Every structure is written in structure tokens, then in C-alpha cells.
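Trainee: got a sequence here, can you build the structure:
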Amino acid sequence: MGDWWRSSPIDPYWNRPPRSPRAAENADRAASAIEEDTATGASDDRAALLRASNALFLFAR
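Mentor: Numbering: from 1, shown residues only. You can find the predicted model right below:
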């Protein structure tokens, strides 16, 4: 009875692999968009913030 949490059907979401290849692509796209905007110093730009928020939305899906 000591290790009941290991067989629990409810596991933390960060331990799960992406649900599909498309989710993995969205995660890669989000990371590259954020890195690009940070590297160019455009993080204060409104368009850069919009792209980053869209990328995070895609990552969360």
C-alpha cells in the first residue's frame, strides 16, 4: 500500500509526453519564437509580445 501514488491514474501534466506530433511542433514553435524575440531585444515590442503570447497559447494546447 506504500506506493499507491506510482500507480495513480492522475499524474502531473509535466511528466507526460506531448499528446501528438502536432503538440510537439507547437511546443518547438513556441520556444523558438520566444528565443528569437528575446535574442533580438524585441521583447518590448507589441508585435513580439503578441507572437510570444500566441506561441504560449499554442504550447498550452
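
Trainee: what's the burial count for residue 29?
Mentor: 14 (other C-beta atoms under 10 Å). Every residue, glycine included, has its C-beta placed from N, CA and C.

Trainee: what residues does stretch 54-61 touch?
Mentor: The contact list for stretch 54-61, computed with C-beta atoms under 8 Å, 6 or more residues apart in numbering, reads 23, 26, 27, 29, 30, 31, 33, 34.

Trainee: element containing residue 50, please.
Mentor: Per DSSP states H and E: residue 50 is located in helix 46-60.

Trainee: may I have that helix as CSV, with CA atoms only?
Mentor: These are the backbone C-alpha positions of helix 46-60, laid out as CSV (Å, rounded to 0.1, in the frame of the first residue of the first chain):
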residue,chain,number,x,y,z
ARG,A,46,3.9,45.0,-29.1
ALA,A,47,4.1,42.6,-32.0
ALA,A,48,6.8,40.5,-30.3
LEU,A,49,4.6,40.2,-27.2
LEU,A,50,1.7,39.2,-29.3
ARG,A,51,3.8,36.5,-31.1
ALA,A,52,5.1,35.2,-27.7
SER,A,53,1.6,35.0,-26.3
ASN,A,54,0.3,33.2,-29.3
ALA,A,55,3.2,30.8,-29.1
LEU,A,56,2.4,30.2,-25.4
PHE,A,57,-1.2,29.6,-26.3
LEU,A,58,-0.1,27.0,-28.9
PHE,A,59,2.2,25.4,-26.4
ALA,A,60,-0.6,25.2,-23.8
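
Trainee: got the buried residues for it?
Mentor: Neighbour-count burial for helix 46-60, counted by 16 or more other C-beta atoms under 10 Å, picks out 48, 51, 52, 55, 58, 59.

Trainee: wait, which of those residues is closest to residue 39?
Mentor: residue 48 (10.9 Å; C-beta to C-beta).

Trainee: how near is that closest one to residue 28?
Mentor: According to C-beta to C-beta, to the nearest Å, residue 48 stands 18 Å off from residue 28.
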